[in-house]
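A.B. asks: A predicted structure for the sequence below; I have some questions about it.
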Amino acid sequence: MEVDKGKGEAEETRKVAEADRDTVTLKSSDGKLFEVSKEAAARLSTVLAGMIAGGSIDDNGTDLKQIGSEALENVVDYCNKHANSIPSAALISSSISFNTAPFKEPEEWERKFVDRLSHDALFDLVEAANFLGMERLLDVTCHKISEMMKGKSPDQIREVFNIKNDYTKEELEEIRQELAWAFYDD
Amino acid sequence: MPSSTARRIAASPAAQPSLPDELLEDIFLRLDDGEDLVRAYASCFTFRRVVSGRRFLRRYHSLHPPPVLGFLAVASDGPFHPAEPPHRSAPAAAAVARAADVALAFLSDPGRWSVRDARDGRVLISREAAAVSGDAFEELIVYDPLHRRHIQICPIPGDLDSSASSANGIIFYEIRTLVFNSVTRKWRAVTSFAIIGTTATFRWLSCQGRRHYSCSCFCWTGYGRKEMLVLDTREMKFSVADLPRESYNQMHSVVDAEEGRLGLLILVGSRKLLIYSKTWPDNGDGLKDWQCDNVIPLFDRNWFFSSGGAEGYAVLKAVALYQNQIVGKKSDTQYFIVEIKTLMIKRLCSMKPGTDAPHYLYASFPPPLSLPSLRN
């Protein structure tokens, strides 16, 4: 079994700052440990903020049984990147309600962050963001999946979500006829 | 929740989507085009259930404006003039024309009714009042053509009608807003506004002026007027807003501008379109608050504003240059809508010359994305 790099680092950090740490240790469903800035975790995740405030953070690794190591690594990576990125004026101003753009556009680095993810990693990350109450990360990942659907046929949309067609041939034909206006280009 | 490893082993498509409904909703809400949403609907039963759910559709409607599908106007060939190709709403407009009762078939005498307004998928129609009744207004019906529902509006009692009085040549007009409650089926006077003016004021505020709807406000403008009358429907409060100098003696139209601002389009001599905007509600700065955001040059045709701005768009009509000199066949009048967000002017449809009855933009989501706009 391979040695977990994250775990080694976590142990190092624990030795250095035992009492008043500025990081928290999170444990994935498959037992891997990850360090994340306490400030960023509390700011970006309502669930982690609640756990930190409620003192239910375990210094030996807070169990997040719902989240696999790959997804948790991406969550931690996102938090750390977010902690290092200075919120731009654009992001602040766009948080004021804007009639025609109901959703905040992802920042350039956020776009790149989700673009490099594999299909499975992206879908796991959406669920992890939802579980941890990470509104901003949920925005960014949902935006990415919706972009993958735009202009696509039902067949291609099924591919995006990796789901079976459960309509009968007749039902599909009926939908295509009734809703022909939405099938202009195929 | 399946871990990524589990999902990778099950590489063949799953019977059910792995994401819960709430996440599917969050993703689908970000699809700006109804077409994309319908293709998701056509992908599997779960997506169909999510997309056609009332909760989802309500959220979707609150975030996305419905597409403009055409005009409603009084015309011999029926009241609906759908968007025509190559406008991107043309296929949806054709679908709505088939699914909806656009010909007022629920009335025994559709020919005697006129379209008076259209907004939020609802259409207001009226029939001239019978001469015997003492009611101030004609018979009114609000109907939802797509869901084939209608509500008869009781006549407005005569004592609630607007009034005017004059002294020494000055006319005092009182404008009242009345609200009809469809549950109690009663009219109620809500607010009134006094304005001093001449008969020109009356023309401005009645038939010859133009009414727009933007930022939850009804705005009345008139050619040659240096101000507009505004009724903010959130507070039911009237106010008068000064218009920028550039609009004097030019045609103009009020529309929604970016970031919740109130927009004003000024048509300068058929050559260019100036786009102004100001914060709304008014911050009391008067003229200083208006700023010119953009200029769109116009070419090749004579351009006019053909109706008040509504549903987020201004409506332009264009006739061929030198139309008057051409003897014989006149070409159809082309109607365009101005999209403030993209600064695009897109052709919506054409109408025969001479069919210049008042017309109203009709915007609605086609089925299966629409919800009834009237309760039965």
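C.D. replies: Cool, the structure landed.

A.B. asks: C-alpha from now on. contacts and neighbour counts both.
C.D. replies: OK.

A.B. asks: now the helix or strand where B:W220 lies: how far from the chain's centre is it?
C.D. replies: Per DSSP states H and E: B:W220 is located in strand B:217-221. Relative to its chain's centre, strand B:217-221 lies at 12 Å (Cα atoms, centre = their mean, to the nearest Å).

A.B. asks: Now do that strand: which elements does it pack against?
C.D. replies: helix B:199-205, strand B:210-214, strand B:227-232, strand B:251-256 (3 or more Cα pairs under 8 Å, 6 or more residues apart in numbering or on different chains; DSSP states H and E).

A.B. asks: out of everything not next to it in sequence, what's closest to B:H359?
C.D. replies: Distance criterion Cα to Cα, 6 or more residues apart in numbering or on different chains; nearest residue to B:H359, sequence neighbours excluded, is B:A73 at 4.3 Å.

A.B. asks: Report the contact partners of the one you found.
C.D. replies: Applying Cα atoms under 8 Å, 6 or more residues apart in numbering or on different chains to B:A73 gives the contacts B:79-81, B:114-115, B:357-360.

A.B. asks: What are the buried residues along the helix or strand hosting B:S192?
C.D. replies: Using DSSP H and E, B:S192 sits in strand B:186-197. Buried residues in strand B:186-197, defined by neighbour count with 16 or more other Cα atoms under 10 Å in any protein chain shown: B:187, B:195.

A.B. asks: Who does that strand pair with, and is each partner parallel or antiparallel?
C.D. replies: Take DSSP bridges as the rule and strand B:186-197 pairs in its sheet with strand B:170-181 (antiparallel).

A.B. asks: Averaged pLDDT, the partner strand. What do you get?
C.D. replies: Averaging pLDDT along strand B:170-181 yields 83.

A.B. asks: okay, the angle between it and strand B:227-232?
C.D. replies: Strand B:170-181 and strand B:227-232 are oriented at 30 degrees to each other (axes from the mean of the first three to the mean of the last three Cα atoms, to 10 degrees).

A.B. asks: Look at the residue of the stretch 201-350 of chain B found nearest chain A and say how many residues are nearby.
C.D. replies: The stretch 201-350 of chain B approaches chain A most closely through B:E259 (4.8 Å), counting by Cα to the nearest Cα. Other residues within reach of B:E259, judged by other Cα atoms under 10 Å in any protein chain shown, total 14.

A.B. asks: One more: A:T168?
C.D. replies: Residues near A:T168, counting by other Cα under 10 Å, number 9.

A.B. asks: who's in contact with A:N74?
C.D. replies: Taking Cα under 8 Å, 6+ apart, we find A:N74 in contact with A:L125.

A.B. asks: One more: the one 4 residues further on?
C.D. replies: With contact set as Cα under 8 Å, 6+ apart, A:Y78 has these partners: A:113, A:137.

A.B. asks: ok, now with 6 Å
C.D. replies: By Cα atoms under 6 Å, 6 or more residues apart in numbering or on different chains, no residues touch A:Y78.

A.B. asks: next one: phi and psi at it?
C.D. replies: Note on A:Y78: backbone dihedrals following degrees, to the nearest 10 are phi -60, psi -50.

A.B. asks: low-confidence ranges in chain A?
C.D. replies: For chain A, the stretches with pLDDT under 70 are A:1-20, A:85-102, A:184-186.

A.B. asks: how about the residues of it near chain B?
C.D. replies: Chain A comes close to chain B at residues A:68, A:98-99, A:142, A:146, A:150, A:154, A:162-166, A:181-182, as judged by Cα under 6 Å from any Cα of the partner chain.

A.B. asks: and the two most separated of those residues?
C.D. replies: Spanning the widest gap among those are A:G68 and A:W181, at 41.7 Å by Cα to Cα.

A.B. asks: Buried ones only from the contacts of B:A73, please, as a PyMOL command.
C.D. replies: PyMOL command restricting the contacts of B:A73 to the buried ones, with burial defined by 16+ other Cα under 10 Å:
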select buried, chain B and resi 79+80+81+114+115+358+359+360
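
A.B. asks: May I see the PyMOL selection of the buried members of the residues of chain A next to chain B?
C.D. replies: Remark: buried members of the residues of chain A next to chain B, expressed as a PyMOL selection using 16+ other Cα under 10 Å:
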select buried, chain A and resi 68+99+142+146+150+154+162+163+164+165+181+182
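
A.B. asks: returning to that earlier point: would you mind measuring from the residue nearest to B:H359 to A:C79?
C.D. replies: Computed as Cα to Cα, to the nearest Å, the B:A73 to A:C79 distance reads 56 Å.

A.B. asks: Same check on B:E174?
C.D. replies: Applying Cα to Cα, the value for B:E174 to A:C79 is 61 Å.

A.B. asks: Could you do A:F103 as well?
C.D. replies: According to Cα to Cα, A:F103 stands 20 Å off from A:C79.

A.B. asks: which parts of stretch B:284-295 are buried?
C.D. replies: B:289-290.

A.B. asks: Which two of the contacts of B:A73 have the greatest separation?
C.D. replies: Of all pairs in these, the most separated under Cα to Cα is B:H81 and B:S114 at 14.3 Å.

A.B. asks: where exactly do the helices run in chain A?
C.D. replies: Ranges of helices within chain A are A:5-16, A:38-44, A:46-53, A:69-84, A:89-94, A:108-115, A:119-131, A:135-149, A:154-161, A:169-178, based on DSSP state H.
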